[in-house]
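Participant: Predicted model and sequence follow; I will ask about them next.
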Amino acid sequence: MNSPTNYLTMCVLALMLSACAGFGSSRQETASTQADESPAASSADSGDAETSAVDIPGLINGVRIDQESSPENVRTVYFEYDSSEVRSEFISIIAAHGELLSVDRGRRVVLEGHADERGSREYNIALGERRALSVRRLLLSSGGSSSQVQVISYGEERPAVVGQNEAAWSQNRRVKIRYE
């Protein structure tokens with residue numbers, strides 16, 4: 001029983017047990033340190049029951065809006081030729097922006113209407129305005145208020161893409177949603 005193998009086995013077991021005991025306490029210390037530094041823990045400790053998801057930047061109703069896949073990150077609405085009707089694929093995106101405005105009444109948005117270069121300057125200014133007003137109507141119906149939304153039309157004056165082909169023109173028929 002007092003052989004070197006038994007002695008070695010006992011030493012290894014003792015080392016393993018002491019390592020496991022140390023590992024558990026360091027994990028607990030790390031967890032308690034992280035909990036002390038976490039904003040959620042500090043607000044829970046302070047008893048601030050009024051803190052909600054709306055108070056946290058980037059969250060609306062507990063959903064992160066600053067993620068790349070969030071609808072609010074789509075800030076350009078495209079239109080068909082000579083049309084101010086919002087395409088179906090943009091309706092939910094505009095609704096998400098309207099909900100954002102309804103939750104944060106301090107936010108302001110400028111809707112910049114644009115047109116491609118075909119048509120007269122005056123016609124394109126009017127078309128850009130009609131496009132921006134179409135987006136505005138959907139924002140307001142989704143919860144935004146008229147005091148939060150400003151409309152401006154640049155017509156053909158600020159093209160996103162320079163070119164005289166459908167690929168360029170389709171990128172220029174747009175309303176840009178710009179938060180201030």
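Facilitator: Sure thing, it's come through.
Participant: contacting residues around residue 85?
Facilitator: By CB atoms under 8 Å, 6 or more residues apart in numbering, the residues touching residue 85 are 79, 134. C-beta coordinates here come from the backbone N, C-alpha and C atoms, glycine included.
Participant: Count the neighbours of residue 74 for me.
Facilitator: Burial of residue 74 is recorded as 16 neighbouring residues (other CB atoms under 10 Å).
Participant: In three-state terms, how would the residue lying closest to it once chain neighbours are set aside be classified?
Facilitator: Take residue 74 and drop its neighbours on the chain: the residue closest to it by CB to CB, 6 or more residues apart in numbering is residue 93, 4.8 Å away. Here residue 93 is helix, with the state taken from DSSP: H, G, I helix; E, B strand; the rest coil.
Participant: doesn't residue 71 make contact with residue 93?
Facilitator: Yes. If you go by CB atoms under 8 Å, residue 93 and residue 71 touch, sitting 4.6 Å apart.
Participant: With neighbour numbers in mind, choose between those two.
Facilitator: residue 93 (21 against 15).
Participant: Check that one and give its pLDDT.
Facilitator: You'll see residue 93 listed with a pLDDT of 94.
Participant: give the contact list for the residue nearest to residue 74.
Facilitator: Residue 93 sits in contact with 71, 72, 74, 77, where contact means CB under 8 Å, 6+ apart.
Participant: and the gap between the third one and residue 89?
Facilitator: For residue 74, the distance to residue 89 equals 10 Å [CB to CB, to the nearest Å].
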